[in-house]
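> build me a model from this:
(2 chains)
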Amino acid sequence: MNFDRTIAISNRVIRQVTKDHRSLALIIVAPVLVMSLVGFSLVDQEDILNRIAPALLGVFVLFFTFLLTGVSFLRERSQGTLERLNITPVSRADLLVGYLFGFLLFAMLQSAVILGYTVLVLPVLYQGAIWHVFLVLVLLTIVAVSLGILVSTFAKNEFQVVQFIPIIIVPQIFLTGVIVPVESMPWVLEKISIVFPLRYAVEMLVGIMLEGRSLVDFGTEIIVLAGFGIVFLIGASLTVRR
Amino acid sequence: MGVLRELTTSIPRGEICGILGANGAGKTTAMRLVMGLIKPKKGSITVLGDTLRRNNHDRIGYMPQLNALYQELSIEENVHFFARMYGMSGRQERNVAVDKAISLVELNDRRRNSVANLSGGMRQRVSLAVALVHSPELLVLDEPTVGLDPVLRRSFWDHFSSLSDNGITLFISSHTMDDANHCDRLIFLQEGHIVADGSPEELRAAAGAERATLEDAFLHFVLKVIP
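This is a model prediction of the structure:
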């Protein structure tokens, strides 16, 4: 891996997104709007709101990072720049890590805005160490970026990337404890949710933010989420040049 | 794949070699094989003395048929980015190379314009600047003059000739005889086969007729293989 190339790729990703003002606004404004709707509609049901808000933080990071990476990488393929990159000495690792660093910045920026808004404006309970929350979100970003690159291999256009949302993202929102706690779901659905990375992120985010627990309490969840990240990264590295 | 059959040739250093053929004749496949983007089912390809493309990536410049540029970024951001991909990590060295490449394609006054706002011809010029920025020894250009007006086409060929004079090898695909006239050597492709290989003069002479043009020569060789 070449450090200068990796930094150049992440700089380029950041510039592309920041020059696209609508996308940038969408990353920040859309989650705040959704969070406001949820917050003000559940203003009298604090218990539910306190549980949903941390989980939504994970949902937004997964959803937007997956979508942005998928579409960006698809463009890279369709406009021929990936082919052009493939004939330079750039390695798979340079590409993957470059993309990861670039989108990590947006995921963290988005998380900081949502977290600030949720805690300061909405009446959401917040306990626990903030860097523990961000560490969980970093792991989730790795999962989302790798998944986005992987999925873009199977899409021929941007519309097809969007079609993956109901298959990959929506089931995770319903089955990973965002709306209903995993323990309250039917046995079959609970077992299915084991294969969804968001489940582990939601468990940790709710545990840290709502119950003030530490990451040390979530050894298994960290290992499983990191495992998903590694598996998807390997998958993405195998398909990244195609 | 499977478009090209029995393609055997070699290109000496410093030569401008044009590969010409109708649409679908296999020109782009030949370019992609040279670049190592696809592998031949049989045989081997040696580029700059090496069979492994990864050993000499930074010695080859490639201009694909698609402009293959980042639309949101400016001209200089695109050229800078690809210069870094070719390993030019030193800012000073890179600035000089980027300035030189942008000047060569005469886009200095628009260097901060985003590629999305450029005309087709200007994008072709940016694409050429990207292929040139790392001072490659071999330039592989896939239909570089498609869509260019006659003035720009002439300017491109002036650049190509001066590069060749400086010892750079150029492998250029085209389907226009105007381009063919500028090459030192021509390969005519038809349905994946080489039907002629020689200098423009040799090919004109082989066409038989007095004062044969390159178009006459091309049709002579191509029609021979079409029943």
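
> look up how far residue B:158 lies from residue B:120.
Shown here: residue B:120 relative to residue B:158, a distance of 20 Å by CB to CB, to the nearest Å. C-beta here means a position set from N, CA and C on the backbone, and glycine is covered the same way.

> residues from chain A in reach of chain B?
By CB under 8 Å from any CB of the partner chain, the residues of chain A that approach chain B are A:2, A:4-5, A:8, A:12, A:15-16, A:19-20, A:79-81, A:83-90.

> and the residues you listed, which are buried?
With neighbours counted by 16 or more other CB atoms under 10 Å in any protein chain shown, these contain buried members at A:2, A:5, A:8, A:12, A:15-16, A:19, A:79-81, A:83-90.

> hang on, residue B:196 in a strand?
Yes - residue state for residue B:196 (DSSP: H, G, I helix; E, B strand; the rest coil) corresponds to a strand.

> tell me the pLDDT at it?
Note for residue B:196: predicted pLDDT of 90.

> read off the pLDDT value for the residue positioned nearest the centre of chain A.
Central residue of chain A (CA atoms, centre = their mean): residue A:62, 2.4 Å from the mean position. Residue A:62 carries a pLDDT value of 94.

> isn't it right up against residue A:143?
Yes - counting by CB atoms under 8 Å, residue A:62 does reach residue A:143; the two are 7.3 Å apart.

> now for the two: what residues contact both?
Jointly contacting residue A:62 and residue A:143 under the rule CB atoms under 8 Å, 6 or more residues apart in numbering or on different chains are residue A:197.

> residue most distant from the centroid, chain A?
residue A:87 (30.4 Å).

> how much space between it and residue B:82?
Distance, residue A:87 to residue B:82, by CB to CB: 10 Å.

> again with residue A:30
With distances taken as CB to CB, residue A:30 is found 33 Å from residue B:82.

> next one: residue B:165
The gap separating residue B:165 from residue B:82 is 25 Å, by CB to CB.

> out of the two, which sits in the busier spot?
residue B:82 (29 against 9; other CB atoms under 10 Å in any protein chain shown).

> which residue sits closest to that one, ignoring its sequence neighbours?
Spatially, and ignoring its direct neighbours in sequence, residue B:82 is nearest to residue B:130 (4.6 Å; CB to CB, 6 or more residues apart in numbering or on different chains).

> which residues of chain A score low on pLDDT?
Per-residue confidence for chain A (pLDDT under 70) gives these ranges: A:242.

> residue of it closest to chain B, please.
Among residues of chain A, the one nearest chain B by CB to the nearest CB turns out to be residue A:80. It sits 3.4 Å away.

> isn't that residue up against residue B:62?
No - under the contact definition of CB under 8 Å, residue A:80 does not touch residue B:62, with a separation of 10.5 Å.

> find the least confident helix or strand in chain B, judged by mean pLDDT.
Ranked by mean pLDDT, DSSP states H and E, the weakest helix or strand in chain B is helix B:214-225, scoring a mean of 82.

> now what about it, what contacts it?
Helix B:214-225 is contacted by residues B:20-22, B:177, B:180-181, B:186, B:188, B:190-191, B:193, B:195-196, B:200, B:203-204, B:206-209, B:212 when judged by CB under 8 Å, 6+ apart.

> can you give me the buried ones in that helix?
By neighbour count, and taking 16+ other CB under 10 Å as the criterion, the buried residues in helix B:214-225 are B:214, B:216-222.

> which helix in chain A runs the most residues?
The helix of greatest length in chain A, counted in residues with DSSP state H as the criterion, is given as helix A:46-78.

> now do the buried residues in that helix.
Going by 16+ other CB under 10 Å, helix A:46-78 has these buried residues: A:49-77.

> could you do stretch A:34-43 as well?
A:35, A:38-39, A:42.

> for those, which two are the farthest from each other?
Between all members of those, the longest pairwise span (CB to CB) is found for A:35 and A:42 and amounts to 10.8 Å.

> average pLDDT across stretch B:170-188?
This predicted structure assigns stretch B:170-188 an average pLDDT of 92.

> hmm, it touching chain A?
No - using CB under 8 Å from any CB, no contact is recorded between stretch B:170-188 and chain A, whose separation bottoms out at 13.4 Å.

> how far is that stretch from where the chain is centred?
Centroid displacement of stretch B:170-188 relative to its chain, using CA atoms, centre = their mean, to the nearest Å, is 10 Å.

> could you tell me the end-to-end distance of it?
The separation between the terminal residues of stretch B:170-188, taken as CA to CA, to the nearest Å, is 16 Å.

> how about that stretch: buried residues?
Of the residues in stretch B:170-188, those with enough neighbours to count as buried (16+ other CB under 10 Å) are B:170-175, B:177, B:179-180, B:182-188.

> which SS class is the spatially most central residue of chain B?
Most central residue of chain B, judged by C-alpha distance to the mean C-alpha position with CA atoms, centre = their mean, is residue B:141 at 1.6 Å. Going by three-state DSSP, the secondary structure assigned to residue B:141 is strand.

> ok, now which ones touch it?
Under the criterion of CB under 8 Å, 6+ apart, the neighbours of residue B:141 are B:62-63, B:128, B:131, B:160, B:170-173.

> among these, which are in helices?
Residues from those lying in helices, with DSSP H as the criterion: B:128, B:131, B:160.

> residue contacts, the second one?
Meaning residue B:131. Residue B:131 sits next to B:61-63, B:139, B:141 when contact means CB under 8 Å, 6+ apart.

> nothing else from me, thank you.
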